[in-house]
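K.L.:
no FASTA, just this:
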Ligand SMILES: NC(=O)c1ccc[n+]([C@@H]2O[C@H](COP(=O)([O-])OP(=O)(O)OC[C@H]3O[C@@H](n4cnc5c(N)ncnc54)[C@H](O)[C@@H]3O)[C@@H](O)[C@H]2O)c1
Ligand SMILES: O=P(O)(O)OC[C@@H](O)[C@@H](O)[C@H](O)[C@H](O)CO
């Protein structure tokens, strides 16, 4: 299949001489990060010809329609500091709307399908604050009712629901072991998915759990590649550089890292030969990345957007923001269980990555879903500092900036828990801080005084870069 828009051609397999590999991987969440990361590693694995991916959108069917019109091909626009390098990626052998449960079940039931990868954002796993499946979530409740009523029906909309629907189909087909590989920024993400899937199974069909225990491996990962949303400028650049009209361009940075731990009972692509690292324990890498990278990202998303910045590159060029980021790293670094030299080198590399002005990574994108991120990016560092006898201003500033953001400063609030959180911060700064610290499990008089002062400073007239 090939398509044209005006006189500018779309991508097609015939044009690029790329045959689709047989589907052996299913992916849930056809967003930009997956296309810059797991799909790129699969493309570059030496056995790529044996491992095609069937990818399903998370919610809207749009990406499946648009990618389908170009045979699943898309351009990865690798934006180095010294210029862009486009690459056509062909590892997506099939693309489907997430609602196509019949296709999903069909893949899960095939014996040659051995891996399910996932990137649906932190919120997509539908967890309650204790990490269990949120049974009060309306979509979760609807999936429970739908799967009880008809395990082969089409009305299943959440990621845990779709995983359980697929696993029921695989058990019924008796097609053996499979690995589930979440690639979202959540600590111990393999155990996290196992938990929400197990909680749903308990509600829907407890007899499935024994089969899952015997045949399903939940792999834990650390993933890293800064991948912003696509802009029209990215699409125009690909048109100029390559003479194709590719609405599905994905911009990304040159750096990439993938660390995995777990079993693959049905095999996997040779991702390690494409640069991935397989280890026994992901935790040290995950803490290094989640605290140093994602923590400082969130700090900039809230604190630097209050100072009027739009992108990470703008933010890190502001000496005040850079100082806050360094203070955050000073607080987090002693708790990363890796040699100090590694951590120092990682910090230095992050400054270079953040300063890449060719990557337009919007602070507003990073600011989204703070309810899912602050508890895993800020709270462990604040608690570790308390454990070491320190009330760390550098660590607390992340929570203070988030509170100021919830109260209306800086980037807009986009969060599944926005109503609850914005309710917590109404009224005086003192009361808002008390309620949020309690919600975070950080009720402590010393912390409170620091946070109240920091929120007050961040909200003060003159706190923006223009007015300083
Ligand atoms: N973008 C990055 O730089 C980056 C880097 C490392 C890890 N990640 C991880 O990847 C995730 C996705 O990032 P992205 O840049 O691909 O975002 P994106 O918006 O491009 O894609 C998100 C995907 O998740 C799906 N989704 C969103 N909310 C969902 C929900 N509630 N239920 C089911 N599906 C849902 C969307 O439909 C889409 O397919 C991040 O949240 C993060 O955990 C991203
Ligand atoms: O993707 P999120 O929403 O979990 O977090 C926003 C950024 O911190 C994140 O996307 C980083 O850019 C990424 O984790 C780098 O690998």
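P.N.:
Received the coordinates, thanks. All values derive from a computational prediction rather than experimental measurement. Ligands and ions are numbered 1, 2, ... in the order given.

K.L.:
and the residue in the stretch 51-200 of the chain that ligand 1 sits nearest to, what element?
P.N.:
Closest approach between the stretch 51-200 of the chain and ligand 1, counting by CB to the nearest ligand atom: residue 58, at 2.4 Å. Yep, even glycine has a C-beta here, placed from its N, CA and C like the rest. Using DSSP states H and E, residue 58 maps to neither a helix nor a strand.

K.L.:
before we move on, what about the one 5 residues further on?
P.N.:
Using DSSP H and E, the secondary-structure element containing residue 63 is helix 62-68.

K.L.:
by contact count, what packs against that helix?
P.N.:
strand 92-96 (3 or more CB pairs under 8 Å, 6 or more residues apart in numbering; DSSP states H and E).

K.L.:
Report the contact partners of the most centrally placed residue in the chain.
P.N.:
The chain has residue 184 as the residue nearest its centroid, 3.8 Å off, counting by CA atoms, centre = their mean. By CB atoms under 8 Å, 6 or more residues apart in numbering, the contact set of residue 184 is 118, 119, 120, 121, 122, 124, 125, 223.

K.L.:
Same question for residue 274.
P.N.:
Contacts of residue 274 (CB under 8 Å, 6+ apart): 40, 41, 42, 43, 44, 45, 46.

K.L.:
Kindly recompute the last result at 10 Å.
P.N.:
By CB atoms under 10 Å, 6 or more residues apart in numbering, the residues touching residue 274 are 40, 41, 42, 43, 44, 45, 46, 47, 48, 256, 258.

K.L.:
What count of nearby residues applies to the spatially closest residue to the fourth one that is not a sequence neighbour?
P.N.:
Just to be clear, that refers to residue 43. In space, and not counting its chain neighbours, residue 43 is closest to residue 91: 4.3 Å by CB to CB, 6 or more residues apart in numbering. Using other CB atoms under 10 Å, residue 91 has 26 neighbouring residues.

K.L.:
can I assume residue 91 is in contact with residue 44?
P.N.:
Yes - Residue 91 lies in contact with residue 44 (CB atoms under 10 Å); the separation is 8.8 Å.

K.L.:
sorry, back to before: need the max-distance pair from the contacts of residue 274.
P.N.:
47 and 256 (19.0 Å; CB to CB).

K.L.:
coming back round to it: residues shared between the contacts of residue 91 and residue 44?
P.N.:
With CB under 10 Å, 6+ apart as the test, residue 91 and residue 44 both reach residue 269.

K.L.:
what sits against whichever residue of the chain sits closest to ligand 1?
P.N.:
Residue nearest to ligand 1 within the chain (CB to the nearest ligand atom): residue 31, separated by 1.9 Å. Residues near residue 31 by CB under 10 Å, 6+ apart: 55, 57, 58, 63, 119, 120, 121, 124, 227, 229, 250.

K.L.:
who's more crowded, residue 47 and residue 256?
P.N.:
Ranked by neighbour count (other CB under 10 Å), residue 47 and residue 256 place residue 256 first, with 20 against 16.

K.L.:
Chain neighbours aside, what residue packs nearest to that one?
P.N.:
The nearest residue in space to residue 256 (CB to CB, 6+ apart) is residue 225, at 4.3 Å.

K.L.:
Count the neighbours of that neighbour for me.
P.N.:
Count around residue 225 with other CB under 10 Å applied: 20.

K.L.:
isn't it right next to residue 253, touching?
P.N.:
Yes - here residue 225 reaches residue 253: they are 6.4 Å apart, a contact under CB under 10 Å.

K.L.:
what is in contact with these two at once?
P.N.:
By CB under 10 Å, 6+ apart, the residues touching both residue 225 and residue 253 are 36, 78, 353.

K.L.:
what about the second one, how many neighbours?
P.N.:
Looking back up the chat, that one is residue 78. Neighbours of residue 78 (other CB under 10 Å): 21.

K.L.:
again, but for the first one
P.N.:
By other CB under 10 Å, the residues close to residue 36 number 22.

K.L.:
same thing with residue 214?
P.N.:
11.

K.L.:
So what touches the helix or strand encompassing residue 438?
P.N.:
Under the criterion of DSSP H and E, residue 438 resides in helix 429-439. Residues outside helix 429-439 that contact it (CB under 10 Å, 6+ apart): 129, 371, 374-375, 382, 396, 399-400, 402-404, 406-407, 417, 420-428, 442-445, 447-456, 458-459.

K.L.:
Please list only the buried members of those residues.
P.N.:
371, 374-375, 382, 396, 399-400, 402-404, 406-407, 417, 421, 424-425, 442, 447-448, 450-452, 454-455, 458-459 (16 or more other CB atoms under 10 Å).

K.L.:
Which residue, other than its chain neighbours, is closest to residue 228?
P.N.:
residue 361 (4.4 Å).

K.L.:
What of residue 299?
P.N.:
Counting by CB to CB, 6+ apart, the residue nearest residue 299 is residue 398, at 4.7 Å.

K.L.:
show me what contacts the one you found?
P.N.:
Per CB under 10 Å, 6+ apart, neighbours of residue 398: 295-296, 298-303, 324, 328, 331-332, 370, 373-374, 377-379, 381-382, 454.

K.L.:
Quick check: the residue of the stretch 51-200 of the chain closest to ligand 1 touching residue 96?
P.N.:
No - if you go by CB under 10 Å, residue 58 and residue 96 don't touch, sitting 11.6 Å apart.

K.L.:
Mutual contacts of these two, please.
P.N.:
residue 30.

K.L.:
And the residue of the stretch 51-200 of the chain that's closest to ligand 2?
P.N.:
Closest point on the stretch 51-200 of the chain to ligand 2, by CB to the nearest ligand atom, is residue 185, at 3.9 Å.
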